[in-house]
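Enquirer: Provided below are the primary sequence and the corresponding predicted coordinates.
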Amino acid sequence: MQAGPWPDRPSFLSLPERPTKPRNAGLTHVLDKGLPLDAFEATLDGVGHLIDVWKFGYGLAYVDRQVEEKLKVLDRAGVKACPGGTLAEICWLQRCSTQYLDWLARCGFGCVEISNGASGMPAEAKRHLIADAAGRGFEVFSEIGSKDPDLIVEPDVWVDEAARDLDAGASWIVAEGRDSGTVGLYNSEGDVRTSLVDALETLSAETQVIYEAPLRAQQAWLIRHIGPNVSLGNVPAGEVPSVEALRLGLRADTMVWSSNRVEDQCST
């Protein structure tokens, strides 16, 4: 059993192994929809040890007067800070990507998400922006997939795009699911597109994929299908502890699965 991310965690249960921070697997990636500073600080104080990436959703980083103060809080908590990809797409549309990256650096962002699912940005332009950001020292999260619910999803296309974005300099692949959980990885009912997840899992072992999974059923499915150390994205800030409980098999959705895994580990 693992001691856990805090020293006084109880240890009488046999639980799945979880790496401690900083980690390259099993990330919890939070989507911030506009928390005020006091709630933001309270969240980081209470569950910052469970959070790996904090994404300022939509274009909120651009309008938040307290963003630089929040970045300092995140840095102290050991949490990566990242603006949402939509902001990068808007800057590309307005031909001010260079100014955008300059601004992120001045604010203190160490990460940037690059996507093209809303703007129609060509893949070549996306990879150019990835290379530019990586060359400036940013840790790049490349989101793949479209926000258009009517677009046909082709697993081979996603895998090819992921591989090319990694070659361009991306450190992480983010699989599109939005905050609704009804596009990209999921159909309009929120059900997981199994073939898409299986295709992404064929990428090299070094590839870090974050699966956007805002809904509990999606989180539980991914944990059961891939394991407790699947990286989950767009987790609502208020649900971080319950996601960790899902990973550890402390909720009904993953209880039997987790117990079986622990038994298998003990018998080997």
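Expert: Done, it's in.
Enquirer: Val256 sits in which helix or strand?
Expert: helix 255-267 (DSSP states H and E).
Enquirer: average pLDDT for that helix?
Expert: For helix 255-267, the per-residue pLDDT values average out at 64.
Enquirer: try stretch 127-145
Expert: Here the average pLDDT along stretch 127-145 is 98.
Enquirer: in it, what's buried?
Expert: If you call a residue buried by 16 or more other C-beta atoms under 10 Å, then stretch 127-145 has these buried ones: 127-134, 138-145. C-betas here are computed from N, CA, C, even on glycine.
Enquirer: isn't Ala168 up against Ala125?
Expert: No - with contacts counted by C-beta atoms under 8 Å, Ala168 stays clear of Ala125, the gap being 11.0 Å.
Enquirer: so these two - more neighbours on which side?
Expert: A direct count of neighbours by other C-beta atoms under 10 Å for Ala168 and Ala125 places Ala168 higher, at 21 against 15.
Enquirer: show me what contacts that one?
Expert: Contacts here follow C-beta atoms under 8 Å, 6 or more residues apart in numbering; on that basis Ala168 touches 127-128, 130-131, 134, 142.
Enquirer: local confidence estimate at it?
Expert: Ala168 is given a pLDDT of 97.
Enquirer: can you start the count at 12 instead of 1 from here on
Expert: Shifting the count to begin at 12 puts that one at Ala179.
Enquirer: that one and Phe67, how far apart?
Expert: Relative to Phe67, Ala179 is positioned 23 Å away (C-beta to C-beta, to the nearest Å).
Enquirer: also Glu150?
Expert: The value you get for Glu150 to Phe67, if C-beta to C-beta is used, is 15 Å.
Enquirer: what does Ile184 give?
Expert: Applying C-beta to C-beta to Ile184 and Phe67 gives a distance of 20 Å.
Enquirer: just Leu104 next, same as before
Expert: Distance from Leu104 to Phe67, by C-beta to C-beta: 19 Å.
Enquirer: and the two? which has more neighbours close in?
Expert: Higher neighbour count among Leu104 and Phe67: Phe67, with 27 against 13, using other C-beta under 10 Å.
Enquirer: go ahead and confirm the more buried one touches Lys44.
Expert: No - if you go by C-beta under 8 Å, Phe67 and Lys44 don't touch, sitting 9.2 Å apart.
Enquirer: which element is the residue nearest in space to the middle of the chain on?
Expert: Among the residues of the chain, the one closest to the centroid is Gly244, at 3.2 Å (C-alpha atoms, centre = their mean). Take DSSP H and E as the rule and Gly244 turns out to sit in strand 242-247.
Enquirer: can you list the buried residues in the next helix or strand after that strand?
Expert: Next helix or strand after strand 242-247 toward the C-terminus (DSSP H and E): helix 251-258. For helix 251-258, the buried set under the neighbour-count rule, 16+ other C-beta under 10 Å, comprises 251, 253-255, 257-258.
Enquirer: same thing with stretch 123-139?
Expert: 123-130, 132, 137-139.
Enquirer: in the protein, which helix or strand is least confident?
Expert: helix 266-278 (a mean of 64; mean pLDDT, DSSP states H and E).
Enquirer: re the thing from before, select from the buried residues of stretch 123-139 every entry located in helices.
Expert: 137-139 (DSSP state H).
Enquirer: among these, which one sits closest to Arg189?
Expert: The closest of these to Arg189 turns out to be Lys137 (C-beta to C-beta; 18.0 Å).
Enquirer: which one is the closest one nearest to, not counting chain neighbours?
Expert: Asn127 (4.6 Å; C-beta to C-beta, 6 or more residues apart in numbering).
Enquirer: ok, the one you found touching Ile101?
Expert: No - contact between Asn127 and Ile101 fails when scored by C-beta under 8 Å: they sit 11.8 Å apart.
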